[in-house]
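S.K.: Build me a structure from this.
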Amino acid sequence: MLDAIAQFFSTTGFGHYLYHPEYFWNVGMIAVGLVLITLGITKRYEPLLLIPIGFGMIMGNIPESGASPTTEGVIHYLYFGVKHEVYPALIFLGVGAMTDFSALLSQPRLILLGAAAQVGIFATYWGALYLGFLPKEAGAIGIIGGADGPTTIFITARLAPHLLPAVAVAAYAYMAMVPIIQPPIVRALTTKEERLIRMNPPRTVSRQELILFPLVGMLTTTLVAPQATTLLGMLFFGNLLKESGVTDRLANTAKSAFIDSVTIVLGLCVGAGATADRFLTPASLKIFALGLVAFSVATASGVIFGKIMNKVSKDPVNPIIGAAGVSAVPMAARVAMTTAQKEDPTNFIIMHAMGPNVAGVIGSAVAAGVLLSLLG
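M.R.: Next up is the predicted model:
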């Protein structure tokens, strides 16, 4: 009887932790998963992302659970959509159906702020090369600066799939920490007078413009970066469903149950892929450090360009909205608004900030296409 009990105990997770020292680090990853879930619930830092990722991380680090992408089972098959860029494309469809491009169309100049924020991608690429990563690995790490989780997964699966767990978790974790990372950078780079700037009301955008934009935008961006056609095509297709006015059922499905279902599966798979043996490596620590650099440089670049634009433009530009050029939609735009309202509670810049914010979504996908063309 005692032998049977001992044999059974050796097959449990507790037994593996006790008898197999290599599983010790899995406990640490489970703790990280619990932290992500806690941040999502108590701080509301991107809970739709952090809670599935955190829970998946716990599942994937239970010894012999079969819940890892490397083990035959449900997660292994669901992970196919991560490795082969299925989920990022489907999420972009939903994002397109949710996105209102009128803020950008009312002030087309704001696309420059979205472009300026992409400096973080290429600065991090060179930083990763300096730290010893190969060019393809550096490209995958650099895209973290775009603050776009699906785009990060899309390009990493193409260029450096072995880095996917660390890069994906870093991208989503830093997206969730936008409210912590961005405000100190914005305050350090702007004066109080600049933060108090009130921008002119945006003009009204016609329905014809809203319908034409996804068609013109898709053709323009994909001809520049054909390698990103899957992402950009799905983004603009989802937006056309929304703006056409005749496919409301499809648009409503894409932006609700459809994208929610894909987000659940993607989050669980990303978390389950972050097992201790794949995640706790010296390379992962470098990736997390570079990810912070990427977000910081992207934010600073957008703000600095906003300051320049304010100097040369006839209409006033609040440099804070430059920080929204990263494509963490709509969180970065909300952070820009709350930062401005700490100086003046009546200064509502959310619609202005949404311009560079949605431009950042397009910009990060185009940057991904450029990197794939050069490195793929």
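
S.K.: Quickly note the distance from the closest residue to residue 164 other than its chain neighbours to residue 143.
M.R.: Of all residues not flanking residue 164 in the chain, residue 156 sits nearest, at 5.0 Å (Cβ to Cβ, 6 or more residues apart in numbering). Just so you know, the C-beta spots here come from the backbone N, C-alpha and C atoms, and that holds for glycine as well. Separation of residue 156 from residue 143 (Cβ to Cβ, to the nearest Å) stands at 7 Å.

S.K.: do the same with residue 338
M.R.: Using Cβ to Cβ, residue 338 is found at 27 Å from residue 143.

S.K.: Between these two, tell me which one has more neighbours.
M.R.: Taking neighbours as other Cβ atoms under 10 Å, residue 338 and residue 143 compare with residue 143 leading, 32 against 14.

S.K.: Residue 212 and residue 340, how far apart?
M.R.: Taken as Cβ to Cβ, the span from residue 212 to residue 340 is 32 Å.

S.K.: Look at these two and report which has more neighbours.
M.R.: Per other Cβ under 10 Å, whichever of residue 212 and residue 340 has more neighbours is residue 340, with 28 against 14.

S.K.: what helix or strand does that one sit in?
M.R.: helix 331-341 (DSSP states H and E).

S.K.: can I get the CA coordinates of that helix in CSV?
M.R.: The C-alpha trace of helix 331-341 is given here as CSV (Å, rounded to 0.1, in the frame of the first residue of the first chain):
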residue,chain,number,x,y,z
MET,A,331,-5.2,52.5,-24.3
ALA,A,332,-2.4,54.8,-25.5
ALA,A,333,-5.0,57.4,-26.5
ARG,A,334,-6.7,57.2,-23.1
VAL,A,335,-3.4,57.6,-21.4
ALA,A,336,-2.7,60.7,-23.5
MET,A,337,-6.0,62.2,-22.5
THR,A,338,-5.6,61.5,-18.7
THR,A,339,-2.1,62.9,-18.8
ALA,A,340,-3.4,66.1,-20.4
GLN,A,341,-6.3,66.3,-17.9
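
S.K.: chain center to whichever helix or strand comes after it: distance?
M.R.: Using DSSP H and E, the helix or strand that follows helix 331-341 in sequence is helix 350-375. Computed by Cα atoms, centre = their mean, to the nearest Å, the chain-centroid distance of helix 350-375 equals 11 Å.

S.K.: Could you list every helix and strand that helix 350-375 packs against?
M.R.: helix 102-106, helix 111-116, helix 119-130, helix 135-142, helix 149-159, helix 207-224, helix 229-243, helix 331-341 (3 or more Cβ pairs under 8 Å, 6 or more residues apart in numbering; DSSP states H and E).

S.K.: give me that answer again for 7 Å
M.R.: Helix 350-375 sits against helix 102-106, helix 111-116, helix 135-142, helix 149-159, helix 207-224, helix 229-243, helix 331-341, with contacts defined as 3 or more Cβ pairs under 7 Å, 6 or more residues apart in numbering; DSSP states H and E.

S.K.: returning to that earlier point: count the residues that sit near the residue nearest to residue 164.
M.R.: Residue 156 has 30 nearby residues by other Cβ under 10 Å.

S.K.: Equivalent analysis for residue 257, please.
M.R.: 11.

S.K.: Ok, residue 253 next?
M.R.: Other residues within reach of residue 253, judged by other Cβ under 10 Å, total 15.

S.K.: what do you get for residue 91?
M.R.: 25.

S.K.: That one: what's it in contact with?
M.R.: 150, 259, 262, 263, 266 (Cβ atoms under 7 Å, 6 or more residues apart in numbering).

S.K.: what is the mean pLDDT for whichever helix or strand it is part of?
M.R.: Per DSSP H and E, residue 91 falls inside helix 86-98. Averaging pLDDT along helix 86-98 yields 96.

S.K.: starting at the chain centroid, how far to that helix?
M.R.: So, by Cα atoms, centre = their mean, the centroid of helix 86-98 is 12 Å from its chain's centroid.
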